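Undergrad: task: produce atomic coordinates for the following.
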Amino acid sequence: MAKTAASGDDYESALAQSSTKVAEFEDTRTGFVHKFQHALHLNPSLVPLIVLLLSIALFGALLGSKFFSPFALTLILQQVQIVGIVAAAQSLVILTAGIDLSVGAIMVLSSVVMGQFTFRYGIPAPISIGAGLACGTACGFVNGFLVARMKLPPFIVTLGMWQIVLASNFLYSGNATIRAQDIAAEAPLLHLFGAKINIGGAVLTVGVLFMVGLVLLLSYVLRHTAWGRHVYAVGDDKDAAELSGVQTDRVLISVYMLSGLICAFAGWALIGRIGSVSPTSGQLANIESITAVVIGGISLFGGRGSILGTLFGALIVGVFTLGLRLLGADAQWTYLLIGILIIAAVAVDQWIRKVSV
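TA: Next up is the predicted model:
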């Protein structure tokens with residue numbers, strides 16, 4: 001009996017050792033590559049920041065002081081201000097795992113409303129601007145309502161809204177342009193975002209300052225408020241967010257409304273940038289905004305990314321555009337390189353997402 005008991009004890013001891021050995025495994029993901037991958041996962045804006053710094057260094061080495069002059073660097077900011085503002089709106093939508101193809105059309109329609117209210121109806125410029133901002137917000141509300149309450153796909157909803165708003169823009173304006181001279185003489189407030197500010201030899205515009213301020217404000221809101229955390233939660237897993245008590249429909253509607261409002265501000269900035277109110281301007285803003293967002297490291301699958309990275313993405317496009325132009329390269333090289341950057345950005349995003357797998 002004693003021998004049998006001893007055998008039982010030996011069996012249990014061997015089983016315990018075997019179980020321990022099965023449970024133990026070696027984590028091979030401890031090298032530099034994994035640590036770098038994990039750092040990028042925690043800070044999505046690092047990738048576009050690194051690309052931005054490398055592109056500035058590259059064109060700086062090729063062009064020297066011609067590229068590093070205050071004029072050239074501030075020209076990049078002026079060129080990307082409209083795209084940067086619209087991309088901030090696009091970022092909010094993509095963070096919820098959606099997409100907004102109507103941002104450019106909403107921007108232009110809002111600017112047309114501001115101009116038509118002022119010059120067709122004789123309404124004071126501040127009220128006309130308010131009407132334009134309300135128009136953009138209303139368009140965003142329609143998008144959000146159809147996506148959140150009617151459960152329609154964001155791609156289809158915003159594609160349809162793009163067509164509707166674009167047609168409304170041309171029908172309402174009669175395809176007529178309000179000239180810069182008329183605006184400067186009768187409603188200079190519409191040119192506010194084009195006003196220039198000299199800072200240490202660098203010439204900035206109100207539109208540039210607004211773009212930077214907007215990105216910083218949204219970055220803070222998304223990181224440090226309950227609403228911002230809910231936006232990420234909806235994009236990461238809408239069903240799980242709803243089960244945890246997040247009112248997902250309200251979050252989605254508020255995101256699309258805020259996106260529409262930001263696009264309306266972009267419309268105001270567009271008037272200051274080009275000087276006139278033109279229904280044909282800004283036709284590529286939707287594609288350019290998506291480009292900035294993707295290169296900026298925000299995941300098209302939603303729930304991950306930094307709006308600060310979107311600003312870096314817009315600046316990358318601006319640096320390549322100006323740098324290649326100063327080098328005398330064909331404009332098609334810009335599109336080719338930006339296309340490569342887009343595909344590379346999506347590939348890097350997929351690689352970074354493997355950290356959480």
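
Undergrad: switch to C-alpha atoms for all contacts and neighbour counts from now on
TA: Fine.

Undergrad: how about the helices in the stretch 51-200 of the chain?
TA: Along the stretch 51-200 of the chain, counting by DSSP state H, counting those that start in this stretch, helices occupy 65-68, 70-95, 103-119, 125-148, 154-173, 180-186.

Undergrad: just want the angle from the fifth one to helix 103-119.
TA: Put plainly, it is helix 154-173. If you take axes from the mean of the first three to the mean of the last three CA atoms, to 10 degrees, helix 154-173 sits at 20 degrees to helix 103-119.

Undergrad: report the angle between helix 154-173 and helix 70-95.
TA: Here the directions of helix 154-173 and helix 70-95 differ by 120 degrees (the same axes, to 10 degrees).

Undergrad: show me what helix 154-173 is packed up against.
TA: Secondary-structure packing of helix 154-173 (3 or more CA pairs under 8 Å, 6 or more residues apart in numbering; DSSP states H and E): helix 103-119, helix 125-148.

Undergrad: circling back: for Leu270, which of the helices of the stretch 51-200 of the chain is the nearest?
TA: Shortest distance between Leu270 and the helices of the stretch 51-200 of the chain, using CA to CA, is found for helix 70-95: 6.5 Å.

Undergrad: and that closest one, average pLDDT?
TA: Helix 70-95 comes out with an average pLDDT of 93.

Undergrad: ranking the helices and strands packed on helix 154-173 by burial, who's on top?
TA: When these are scored by mean count of other CA atoms under 10 Å, the highest mean neighbour count falls to helix 103-119 (a mean of 29).

Undergrad: just give me how far it sits from the chain centre.
TA: The chain centroid and the centroid of helix 103-119 are separated by 21 Å, computed with CA atoms, centre = their mean, to the nearest Å.

Undergrad: what angle do it and helix 125-148 make?
TA: Using the same axes, to 10 degrees: helix 103-119 against helix 125-148 is 150 degrees.

Undergrad: elements contacting helix 103-119?
TA: Helix 103-119 packs on helix 70-95, helix 125-148, helix 154-173, helix 248-274, helix 285-295, going by 3+ CA pairs under 8 Å, 6+ apart.

Undergrad: could you rerun that using 6 Å?
TA: Under the contact criterion of 3 or more CA pairs under 6 Å, 6 or more residues apart in numbering; DSSP states H and E, helix 103-119 touches helix 125-148, helix 154-173, helix 248-274, helix 285-295.

Undergrad: got the ones you listed as a markdown table, with mean pLDDT and distance to Leu315 columns?
TA: What follows is the helices and strands packed on helix 103-119, written out as a markdown table (pLDDT from 0 to 100; distance: least, CA to CA, whole Å):
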| stretch | mean pLDDT | distance to Leu315 |
| --- | --- | --- |
| helix 125-148 | 97 | 25 |
| helix 154-173 | 96 | 26 |
| helix 248-274 | 97 | 17 |
| helix 285-295 | 92 | 8 |
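
Undergrad: so which of those is nearest Ser111?
TA: Taking the helices and strands packed on helix 103-119 one by one with CA to CA, helix 248-274 is closest: 4.6 Å.

Undergrad: what is that closest one packed up against?
TA: Secondary-structure packing of helix 248-274 (3+ CA pairs under 6 Å, 6+ apart): helix 70-95, helix 103-119, helix 125-148.

Undergrad: in TSV: these, plus distance to Ala347.
TA: Output for these, formatted as TSV (distance: least, CA to CA, whole Å):
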stretch	distance to Ala347
helix 70-95	17
helix 103-119	25
helix 125-148	28
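
Undergrad: figure out which of those helices is closest to Leu62.
TA: helix 70-95 (14.1 Å).

Undergrad: what angle separates that closest one from helix 285-295?
TA: Using the same axes, to 10 degrees: helix 70-95 against helix 285-295 is 90 degrees.

Undergrad: and helix 70-95, what does it pack onto?
TA: Using 3+ CA pairs under 6 Å, 6+ apart, the elements in contact with helix 70-95 are helix 248-274, helix 285-295, helix 307-326.

Undergrad: let's have the helices and strands packed on helix 154-173 in CSV, adding distance to Gly64.
TA: CSV is the format used below for those (distance: least, CA to CA, whole Å):
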stretch, distance to Gly64
helix 103-119, 35
helix 125-148, 42
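
Undergrad: mind checking which of these is nearest Ala180?
TA: Distance to Ala180, taken as CA to CA, is lowest for helix 103-119 among those, at 10.9 Å.

Undergrad: next, the angle from the closest one to helix 248-274.
TA: Interaxial angle of helix 103-119 relative to helix 248-274 (the same axes, to 10 degrees): 60 degrees.
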